[in-house]
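Chemist: Provided below for reference: sequence and predicted model.
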Amino acid sequence: MTSPEIKKPLVMAEEEKNVCVQSRSRQFIKRFVASRPAMIGLILLAVLVFSAVFAPALAPFDPYESNLPNSLKPPSGAHVLGTDELGRDIMSRILYGARISLLVGVEAVVLALLCGVVLGATAGFYGGKVDTMIMSVMDVMLSFPSILLAIAFMTVMGRGVEKAVIAIGIVSIPQYARIVRGSVLSVKENVYVMAARAIGNGDRRLIFVHILPNVMAPIIVRATIGISVAILEAAALGFLGLGVAPPTAEWGTMLGSGRQTIFNAPHIVMFPGLAITVTVMAFNLLGDGLRDILDPRLK
Amino acid sequence: MARYVLRRIILLFPILFGVSLAVFLVMHLFTVDPAEIILGQYATPDQVAVVREELGLNNPIHVQFWDYISRAAQGDLGQSVITKTSITEELMKRFPATAELAVLAICIASVLGIGLGVVSAVKQNSLFDYGAMVVALLGVSMPIFWLGLMMIILFSVTLGWLPASGRIAVGFRPEEITGLYLLDSLLTGDTEAFWNALKHLMMPAIALGAYSTAIIARMTRATMLETIRQDYVRTARAKGLREPVVIVKHALRNALIPIVTVIGLQMGALLGGAVLTETVFSWPGIGSYIVDGIMVSDYPRVQGAVLLIATIFVLVNLIVDVLYCYLDPRIQHN
């Protein structure tokens, strides 16, 4: 066998690989566009991100400026969604609140995902005592309703955006660790993993380059839906007075502080709750769509 | 089967030990000094030292944990630092309220969820199917505390049909047998108390069960869609059985296993949701006990209540697993 003969198929294989990757991503986009839930979710999300990013330009008033004589005003021409108990414009506060909710949702899931992937992959890959130890801790964490555990963390850590991210992130770790562990267990004995090991790849490279990319589909789906759960939990913490501290405009906190006035000004709690529902729905729709596209078995 | 159940029960102990350790560590390593909470901010260091000694807070942490867990195993969860009352007694008093709420919520969620899911699957791609799935999507997307507030605005403030808070009106409280007002009023034949308790329970139970209804409906639809395409369902139709019999006795019965599992898991999740629902409706259960405890920094109270809910959560999950094994003998648990 001469060297050009060896090179030729290698070059072709590279080209084939590119074509394959291109057609796979094209196929994904085609399926995504055809999926109604995914598209509705994406459009809703785009609108939400746009409002969050351009909140300073879109908000008609300063969200923190109190105007007591103007408090508890119902929706009107001047204040489209009315004013709250301190006379602040609810529309402006909701627009600014989108920043906090999206940020907390995404950051908490990224934190949970990073920890969950490392712990789950380590447990699944090494097995034995490491697996037992990691998964026992995860099992203990799963023995609490997640919101209760988040409440316990916030009680001891105090209020704040970063603290809410940490509390919600930590309580979500076991879900990702479990999925990743299960997926790693199912692929680690595959021939391509053994082949990669045979040519001298180290454990870390095997896990991150050869195993994880092949188990990403269920993780991406779970993470997308996980953001909606994280947003709901952040709102719940805010509602209980444990989340982001006032006067920061956060939807859950707005609901919590508006609760005292629902008998004479129901609009105060109506609109922030609607904003949470629409945001959570956007991520749920996107997650449902992605699940249908990426992992039809999970349907 | 018996061996599996026994093994699961034995495995409960390390899990419960881990749960108590987690609750204890979280509460002890980060919380403010309970002695300072009891004495207030103007206490002298000497006074704080005396109270710390009385509470055993000067002992090493493992001694404190051992004290706590041995007392908890005997049913003593300590005293509230604010009211000085026994936490176990208070939890026992409040437990029926949370149990009544959670049980009614899961009943509503199961009946509605399975009903919606079955009809949606049978009438796939119909207007009903789309409507039901939009409702289910709303159910999983709405914060339950917001749904509770919206229900108060509609049914209490605007229409005046249902009471906005509390468990029963003053003067209606039935003679206490189980602590579950609906059951107690039925057992004592007190119909007025029954209706009053039911009126108070309706909104919190529906709000708490909304999320679970949506999850059960989605799961039932997905499972039923698979089942109604099976050969044995076609055979049932072919031998001339009426459609409702085919759907309920042949399809739904076989689709029930994953549905029952989801219902069981939701039962556990409801305990977390109860914290929020009880706060919205001022429901005197364990959830509101936790939230009130947080507000006054009464950490032994929070610790005891969280431990109780986690224990119930673990037990419910165990029962679901055993039930799952019983319902589907094909599953081998070796």
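Modeler: Yep, it's here.
Chemist: all contacts plus neighbour counts: C-alpha atoms, from now on.
Modeler: OK.
Chemist: Need phi/psi at residue B:298.
Modeler: When read as degrees, to the nearest 10, the backbone of residue B:298 gives phi -90, psi 80.
Chemist: I meant residue A:89, not that one.
Modeler: Dihedral pair for residue A:89: phi -70, psi 120, per degrees, to the nearest 10.
Chemist: That one bridge partners, please.
Modeler: Judged by DSSP bridges, the bridge partners of residue A:89 are residue A:83.
Chemist: who's in contact with it?
Modeler: A:61, A:62, A:63, A:79, A:81, A:82, A:83 (CA atoms under 8 Å, 6 or more residues apart in numbering or on different chains).
Chemist: Return the residues of chain B in contact with chain A.
Modeler: Contact residues, chain B versus chain A (CA under 8 Å from any CA of the partner chain): B:15-16, B:18-19, B:22, B:26-27, B:30-32, B:137-138, B:140-143, B:145-146, B:149-150, B:153, B:157, B:222, B:268-269, B:271-273, B:275-276, B:291, B:294, B:306, B:309-311, B:313-314.
Chemist: ok so, going back, which one of the contacts of residue A:89 sits closest to residue B:240?
Modeler: Nearest to residue B:240 among these: residue A:81, at 58.9 Å, using CA to CA.
Chemist: Surely that closest one and residue A:91 touch.
Modeler: Yes. The pair residue A:81 and residue A:91 qualifies as a contact (CA atoms under 8 Å) at a distance of 5.4 Å.
Chemist: for the residue nearest the centre of chain B, what are its contacts?
Modeler: Nearest to the geometric centre of chain B sits residue B:271, at 2.5 Å (CA atoms, centre = their mean). For residue B:271, the contact set (CA under 8 Å, 6+ apart) comprises A:145, B:102, B:309, B:313.
Chemist: Could you show which parts of chain A are in contact with chain B?
Modeler: So chain A meets chain B at A:137, A:139-141, A:143-148, A:152-153, A:155-157, A:228, A:232, A:235-236, A:240, A:255, A:259, A:262-263, A:266, A:269-270, A:273, A:276-278, A:280-281, A:284, A:299 (CA under 8 Å from any CA).
Chemist: where does chain A have its least confident helix or strand?
Modeler: Counting by mean pLDDT, DSSP states H and E, chain A has its least confident helix or strand at helix A:3-34, which shows a mean of 69.
Chemist: now the helices: where do they sit in the stretch 101-250 of chain B?
Modeler: For the stretch 101-250 of chain B, the helices defined by DSSP state H, counting those that start in this stretch cover B:127-141, B:144-151, B:181-187, B:191-227, B:231-238, B:243-245.
Chemist: Quick one: those helices as TSV, columns for mean neighbour count and mean pLDDT too.
Modeler: Below are these laid out as TSV (neighbours: other CA atoms under 10 Å in any protein chain shown; pLDDT from 0 to 100):
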stretch	mean neighbour count	mean pLDDT
helix B:127-141	18	95
helix B:144-151	24	96
helix B:181-187	19	93
helix B:191-227	24	94
helix B:231-238	14	92
helix B:243-245	11	90
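Chemist: Out of these, the one nearest residue A:125 is which?
Modeler: Closest to residue A:125 of the helices of the stretch 101-250 of chain B, according to CA to CA: helix B:191-227, at 31.6 Å.
Chemist: just for the stretch 1-150 of chain B, where's the confidence low?
Modeler: B:30-32 (pLDDT under 70).
Chemist: right, and residue A:155 touches residue B:294 too?
Modeler: Yes. Applying CA under 8 Å, one finds residue A:155 in contact with residue B:294, separated by 6.6 Å.
Chemist: circling back to that earlier point, as JSON lines, the helices of the stretch 101-250 of chain B with distance to residue B:115 would be great.
Modeler: Compiled in JSON lines, these are given as follows (distance: least, CA to CA, whole Å):
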{"stretch": "helix B:127-141", "distance to residue B:115": "10"}
{"stretch": "helix B:144-151", "distance to residue B:115": "21"}
{"stretch": "helix B:181-187", "distance to residue B:115": "25"}
{"stretch": "helix B:191-227", "distance to residue B:115": "8"}
{"stretch": "helix B:231-238", "distance to residue B:115": "19"}
{"stretch": "helix B:243-245", "distance to residue B:115": "13"}
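Chemist: closest to residue B:169 out of these?
Modeler: Comparison of those against residue B:169 by CA to CA identifies helix B:191-227 as nearest, at 6.9 Å.
Chemist: buried subset of the residues of chain B next to chain A?
Modeler: Buried subset of the residues of chain B next to chain A (neighbour count, 16 or more other CA atoms under 10 Å in any protein chain shown): B:15-16, B:18-19, B:22, B:26-27, B:31, B:137-138, B:140-143, B:145-146, B:149-150, B:153, B:157, B:222, B:268-269, B:271-273, B:275-276, B:291, B:294, B:306, B:309-311, B:313-314.
Chemist: which ones among the residues you listed are found in strands?
Modeler: Using DSSP state E to define strands, no part of those is located there.
Chemist: Low-confidence bits of the stretch 151-299 of chain A, can you list those?
Modeler: The stretch 151-299 of chain A contains residues with pLDDT under 70 at A:295-299.
Chemist: So which residues of it form helices?
Modeler: Under the criterion DSSP H, counting those that start in this stretch, the stretch 151-299 of chain A contains helices at A:161-187, A:191-198, A:203-205, A:216-239, A:251-258, A:267-294.
Chemist: just the angle between the second one and helix A:161-187, please?
Modeler: Angular relation of helix A:191-198 and helix A:161-187 on a 0 to 180 degree scale: 100 degrees, by axes from the mean of the first three to the mean of the last three CA atoms, to 10 degrees.
Chemist: Kindly report the same for the last one.
Modeler: Interaxial angle of helix A:267-294 relative to helix A:161-187 (the same axes, to 10 degrees): 20 degrees.
Chemist: The contacts of residue B:271: which two are farthest apart?
Modeler: Spatially, the most separated pair among these is A:145 and B:102, at 13.8 Å (CA to CA).
Chemist: Have a look at these two and say which one is more surrounded.
Modeler: The residue with more neighbours, out of residue A:145 and residue B:102, is residue B:102; 24 against 21, by other CA atoms under 10 Å in any protein chain shown.
Chemist: Phi, psi for residue B:159 please.
Modeler: Dihedral angles of residue B:159 (phi, psi; degrees, to the nearest 10) stand at phi -90, psi -20.
Chemist: Can you give me the neighbour number for it?
Modeler: Residue B:159: 10 surrounding residues under other CA under 10 Å.
Chemist: That one and chain A: what is the separation?
Modeler: 12 Å (CA to the nearest CA, to the nearest Å).
Chemist: Identify, from the contacts of residue B:271, the entry nearest to residue B:81.
Modeler: Using CA to CA, residue B:309 is the member of those that sits closest to residue B:81, with 20.2 Å.
Chemist: which residues sit in contact with that closest one?
Modeler: A:144, B:271.
Chemist: In chain A, which residue is most central in space?
Modeler: Centroid-nearest residue in chain A, with CA atoms, centre = their mean: residue A:227, separated by 2.5 Å.
Chemist: Spatially nearest residue to it (excluding sequence neighbours)?
Modeler: Nearest non-adjacent residue to residue A:227, counting by CA to CA, 6 or more residues apart in numbering or on different chains: residue A:105, 4.9 Å away.
Chemist: from memory residue B:147 sits against residue B:207, does it?
Modeler: Yes. Using CA under 8 Å, residue B:147 makes contact with residue B:207 at a distance of 6.0 Å.
Chemist: overlap in contacts of the two?
Modeler: Common contacts of residue B:147 and residue B:207 (CA under 8 Å, 6+ apart): none found.
Chemist: Run a quick neighbour tally on residue B:33.
Modeler: A count of nearby residues for residue B:33, using other CA under 10 Å, gives 15.
Chemist: before we move on, what about the one 3 residues further on?
Modeler: Around residue B:36 there are 18 other residues, counting by other CA under 10 Å.
Chemist: secondary structure element for it?
Modeler: Assigned by DSSP states H and E, residue B:36 belongs to helix B:34-39.
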